[in-house]
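1. predicted model, plus sequence, below.
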Amino acid sequence: MTVALADKRKKRFTDFADEPKPLDGDKVKLDAILNQEIEILGCRVGSTKYSKNKSGKYLTMQIFHNGSKHVVFTGSDVLIQQMEKYKNELPFAATIVKVNRYYSLS
């Protein structure tokens, strides 16, 4: 068997894996990007052991801002609900605003 033939039969992990892609970038605080347009590239919602919110979940967002990728972590229930609802629209541009005591996409 030639090397070329062996390469054709060889499976690649990326061909069958359904692992989520890592959300990479420098960590940035939510307050640092408030009221500024960002591009949300990806998100992941997980369970937290520090349930300071009603849902018991946290949100990780990968964003593009000021020419580089960043990662933002938050327990905002409103942002979690919005990202769960609109994750199929990713990537999209948005602004995170603070309305009274909660954060929201605008």
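-> Okay, I see it.

2. hey, which strand is longest across the protein?
-> Across the chain, the longest stretch assigned as strand under DSSP state E is strand 37-47.

3. buried residues, it. List them.
-> Buried residues in strand 37-47, counted by 16 or more other Cβ atoms under 10 Å: I38, I40, L41, G42, C43, R44, V45. Any C-beta I mention is one placed from the backbone N, CA and C, and that applies to glycine too.

4. roughly how far apart are the first one and D77?
-> Looking back up the chat, that one is I38. Noted for I38: a distance of 20 Å to D77, by Cβ to Cβ, to the nearest Å.

5. name the SS class of N53, please.
-> coil (DSSP: H, G, I helix; E, B strand; the rest coil).

6. is it true that it touches V78?
-> No - assessed by Cβ atoms under 8 Å, N53 is found out of contact with V78, at 9.7 Å.

7. identify the bridge partners of the residue most central in space within the chain.
-> The chain has C43 as the residue nearest its centroid, 1.9 Å off, counting by Cα atoms, centre = their mean. Assessed by DSSP bridges, C43 has beta-bridge partners M61.

8. that older thread, in TSV: the buried residues of strand 37-47, plus distance to A94 and pLDDT.
-> Listed next are the buried residues of strand 37-47 as TSV, based on distance: Cβ to Cβ, whole Å; pLDDT from 0 to 100:
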residue	distance to A94	pLDDT
I38	6	97
I40	6	96
L41	11	95
G42	13	94
C43	11	95
R44	17	94
V45	16	93
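
9. can I get those residues in TSV with distance to N88?
-> As requested, the buried residues of strand 37-47 are exported to TSV (distance: Cβ to Cβ, whole Å):
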residue	distance to N88
I38	19
I40	12
L41	14
G42	12
C43	11
R44	14
V45	14
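
10. now name the helix or strand holding D15.
-> helix 13-16 (DSSP states H and E).
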